[in-house]
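Undergrad: dropping a prediction and its sequence here:
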Amino acid sequence: MPRIIVQKFGGTSVGDTSRIRRAAARAVAAQKAGMQVVMVVSARGKKTDELVRLAGEFDIDPPARELDMLLATGEQESVALMAMAIREAGAEAVSLTGGQIGISTDDTYGKARIRAIKTDRLKEHLDAGRIVVAAGFQGVSESGDITTLGRGGSDLTAAALAAVLGAERCEIYTDVPGVFTVDPRIEPSARKLDCIGYDEMLELASLGAGVMHSRSIEFAGKYGVPVVVRSSLTDEPGTLIARAGSVPSRPVTGLALVRDAARVTLAGLPDRPGVMAEIFRRMADRAIPLDMVVQDLSVAGIAEVSFTVPQEDLAGALAAAKVAVDELDGAEVTVGTDLAKISAVGAGMPDRPGVAAKMFRTLAGIDCNVVLVTTSEIKVSCLIARDRADEAIRAVHAAFALDREESAGAGRDGNEPLSPAEQRVRTVVEGLQGMEDIVVADVSLDTDQARLSVRPVPDRPGVLADLFEAVAGGPDDDPSTGATVDMIVQNVSHAGHAAISFTVPASEAELAAQLAGAPAATWGEGEVQTDPHVAKLSVSGVGLRSHTGVGLKLFAALAEAQVNVQLIGTSEMRVSVVVAANEGERAVEAVREAFGIA
Ligand SMILES: Nc1ncnc2c1ncn2[C@@H]1O[C@H](COP(=O)(O)OP(=O)(O)O)[C@@H](O)[C@H]1O
Ligand SMILES: N[C@@H](CC(=O)OP(=O)(O)O)C(=O)O
C-alpha cells in the first residue's frame with residue numbers, strides 16, 4: 001500500500017511566487033521521502049474576497065450559480081501555478097479542478113455539501129509518480145454545474161480527499177504555527193497547543209476560531225483522519241487534531257470570538273408545544289443560521305425565546321421572527337445589535353464545575369455585562385457588547401492562565417480503542433449515502449436532573465458570578481461543598497431584570513437551592529424556584545449545528561408529541577432540551593422515531 005499524504009495550503013501560504021515555490025518544495029520533499037502527495041490549494045491571498053467584490057459591482061445579490069462559477073476561478077489559477085512551480089522544482093505534477101478530481105456535491109450553490117468523490121483519476125496520477133495539485137473549495141453538482149463548498153472550504157476538500165484516499169495524515173499549512181489557545185491576533189500571549197480533540201476543535205471552529213473550517217473537522221472526526229495544523233513558513237511540528245482519548249482533558253483548552261452577532265428576542269409567546277418548531281421553521285425557510293438559542297422558563301404561561309444570528313442575517317431573521325410571532329399570537333420582537341459572543345471550550349469542563357463561574361467573575365471584574373448565556377457540556381458562551389470583546393477575551397485568557405505551558409498530557413498516538421459513542425458514529429458513517437450527510441448517533445434521556453430558576457436578578461455585571469460561585473461552593477469550586485451545574489441559560493433582561501435557569505443532578509437540587517439562596521436574598525425580590533425532577537433529552541452526533549434541519553426536526557417531533565420545551569442548550573455535537581419529568585419518555589420516543597434511531 002502506498003503511503004499517501006494530503007497537504008493543504010491556504011490563501012496566505014500561496015500569496016506570492018516565493019510562497020508558491022516554498023509550498024511546492026514541501027510537496028516535493030514529501031514525495032522524495034517516499035510519500036504519494038496530494039496538494040490542496042486555495043485561491044491566492046484575498047483573491048476570493050476580490051472576486052466577491054467584483055461580482056457586487058454588477059449585482060448586489062449576484063445569481064448563486066454565476067457567483068460559484070466566478071469564485072472557483074481563484075483556485076483554478078493557483079493550482080495551475082503550483083503545478084508549474086513543482087515542475088520547476090524538478091518533479092512531475094498535474095493540476096485538477098474539483099470536477100476533474102471527481103468531487104460531486106449537491107446543488108446548494110455557495111455552500112454545497114459533498115456527496116461522493118471518485119478516486120480513480122487521482123490514483124492513476126499518483127501511481128504514475130505525479131504530485132496531484134487539487135483545487136480546494138469546489139465541486140460539481142449532479143447537473144454538471146460548478147459549486148463551491150462555503151468560505152474557507154479548502155480545508156474541507158483536504159479532509160475529504162484524505163478520508164477517501166486513506167491518507168496517513170492531512171496537513172493544513174497556514175500563516176500560524178498551529179492552533180492557539182485563542183486567535184494570536186487578539187491575544188499575543190496565546191499559546192500554541194500540541195494537540196486538541198476533534199470535539200474541542202469542532203466547537204472552537206464553529207464558535208469563531210477561524211484557523212480551520214468547522215465542516216472539515218466534522219468530516220475528519222467522522223472518518224478518523226488525523227489532521228496537523230502547521231506553519232507554511234517554518235518547520236515547527238504544529239498541532240495534532242486527534243480523538244479525545246489521545247489528548248489531555250483540560251477544563252479550558254481555548255477561547256473563540258464571534259464579532260458580528262445580533263440578538264433577536266420573541267417575547268410574549270404562549271407556553272405550549274410547537275412554539276420552537278414554528279420559529280425554527282420560519283428561520284429555515286429563509287436559510288437563517290441560528291446560533292445561540294435560549295429559551296428560559298415561562299412566567300404565568302408566557303414564554304420568551306432569544307437567539308443570535310450573524311449581523312448580516314439580522315434583517316432576514318427579523319422578518320422571519322415577525323411572521324412567527326404573528327402566527328403564534330406573540331407580543332413583540334426585539335433586537336440587539338453590536339454584540340459579540342465569547343466562548344470557552346474544554347473537554348475537561350464537566351469535571352471542573354467552576355469554569356462558568358470563573359468566566360462570569362472575570363467578565364464582572366472588567367465591568368462587562370453579559371446579555372445571554374448558553375452552555376453545553378464542553379463550552380460556555382456569553383453574549384456581550386462588541387466594543388468590549390477584545391478586552392474580555394484577554395481577561396478570560398489570563399484568568400485561566402492559558403498562556404502558561406501545561407503539564408505533560410496523555411499519550412497522543414490516537415490508537416486507543418473507540419469509545420461506545422465513537423463506535424456508534426462509525427456504524428452510522430458506514431451507512432451514509434452522501435459523505436457529508438448528517439450523523440445523529442444517539443438520542444438519550446437523563447431523568448435524573450433538577451431545574452432551578454432564579455428571578456428576578458438585577459441586570460448588572462457580577463450577578464452571574466455571585467450566583468455560580470455560590471452554587472459551585474466558592475470561587476475555588478471545591479467539589480465537596482458545591483453542586484455540579486450542568487446547563488446554564490440566561491435570557492435577555494427586561495426593565496433591568498433578568499432570569500437565570502440551570503440544571504443540577506436531582507440529588508443535588510436541595511443543596512444547589514440552598515447555595516443559590518444566599519446571593520439571591522441579596523437581590524431584593526430574588527427568588528429561587530426548584531423543580532426537583534425534570535428530564536433532559538439530548539440528540540447527539542456530529543456537526544449538528546451546521547445542519548439547520550436538526551433543530552427543526554427535533555422541535556417538530558416534540559410539538560407533534562405535545563411535549564413542552566422548558567430550556568434549550570445547543571452545541572456542535574449536541575442539542576439538549578429540558579422537559580417536564582413526566583413527559584420525558586414520550587419525548588424520547590417521538591424524537592428517536594423522527595431521527596430513525598432504534
Ligand atoms: N485559535 C486559533 N489558533 C490559531 N489561529 C487562529 C485561531 N483563531 C483564529 N486564528 C486565525 O486564523 C488565521 C489562519 O486562518 P486563515 O486566514 O483562514 O488561513 P488560510 O489562508 O491559511 O486558510 C490565523 O492567521 C489566525 O489569526
Ligand atoms: N478561497 C476560498 C477557500 C478557502 O478555503 O480559502 P483559505 O484556505 O485561504 O481560507 C475562500 O477564501 O473562502
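TA: Looks like it came in fine. Numbers count the residues shown, from 1 in each chain. Ligands and ions are numbered 1, 2, ... in the order given.
Undergrad: for whichever residue of the stretch 101-250 of the chain sits closest to ligand 2, which non-adjacent residue is spatially closest?
TA: Per C-beta to the nearest ligand atom, Ser154 is where the stretch 101-250 of the chain lies closest to ligand 2, at 3.3 Å. For glycine as for every other residue, the C-beta is placed from the backbone atoms N, C-alpha and C. Leaving aside its chain neighbours, Ser154 sits nearest to Gly136 (2.6 Å; criterion: C-beta to C-beta, 6 or more residues apart in numbering).
Undergrad: other SSEs contacting the particular helix or strand that has Phe468 in it?
TA: Using DSSP states H and E, Phe468 sits within helix 463-471. Using 3 or more C-beta pairs under 8 Å, 6 or more residues apart in numbering; DSSP states H and E, the elements in contact with helix 463-471 are helix 355-365, strand 439-458, strand 497-505, helix 509-521.
Undergrad: what does the first one rub up against?
TA: Judged by C-beta atoms under 8 Å, 6 or more residues apart in numbering, the contacts made with helix 355-365 from elsewhere in the structure are 251-252, 344, 346, 349, 369-370, 373, 375, 380, 382, 384, 392, 395-396, 399-400, 461-465, 468-469, 471-472, 475, 477, 485, 488.
Undergrad: quick check: Asp155 vs Ala205, distance?
TA: Separation of Asp155 from Ala205 (C-beta to C-beta, to the nearest Å) stands at 9 Å.
Undergrad: Gly474 now?
TA: 34 Å.
Undergrad: neighbour count winner among the two?
TA: Taking neighbours as other C-beta atoms under 10 Å, Gly474 and Ala205 compare with Ala205 leading, 25 against 14.
Undergrad: ok, the more buried one - contacts?
TA: Val211, Met212, His213, Ser214, Ile217, Ala256.
Undergrad: name the helix or strand for it, please.
TA: Per DSSP H and E: Ala205 is located in helix 198-206.
Undergrad: what residues does the chain put near ligand 1?
TA: 10-13, 42, 152, 174-176, 179-180, 182-185, 209-211, 254 (C-beta under 6 Å from any ligand atom).
Undergrad: for Leu402, pull up the helix or strand it's in.
TA: Using DSSP H and E, no helix or strand contains Leu402.
Undergrad: show me the contacts for the nearest residue to it once chain neighbours are set aside.
TA: Counting by C-beta to C-beta, 6+ apart, Leu402 lies nearest to Thr181, which is 4.0 Å off, once chain neighbours are set aside. By C-beta under 8 Å, 6+ apart, the contact set of Thr181 is Glu187, Ala190, Arg191, Leu193, Thr253, Gly254, Leu255, His397, Leu402, Asp403.
Undergrad: TSV please, covering those and showing pLDDT and distance to Thr17.
TA: Output for those, formatted as TSV (pLDDT from 0 to 100; distance: C-beta to C-beta, whole Å):
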residue	pLDDT	distance to Thr17
Glu187	96	33
Ala190	97	31
Arg191	96	33
Leu193	95	32
Thr253	95	37
Gly254	96	34
Leu255	97	36
His397	97	37
Leu402	95	37
Asp403	93	36
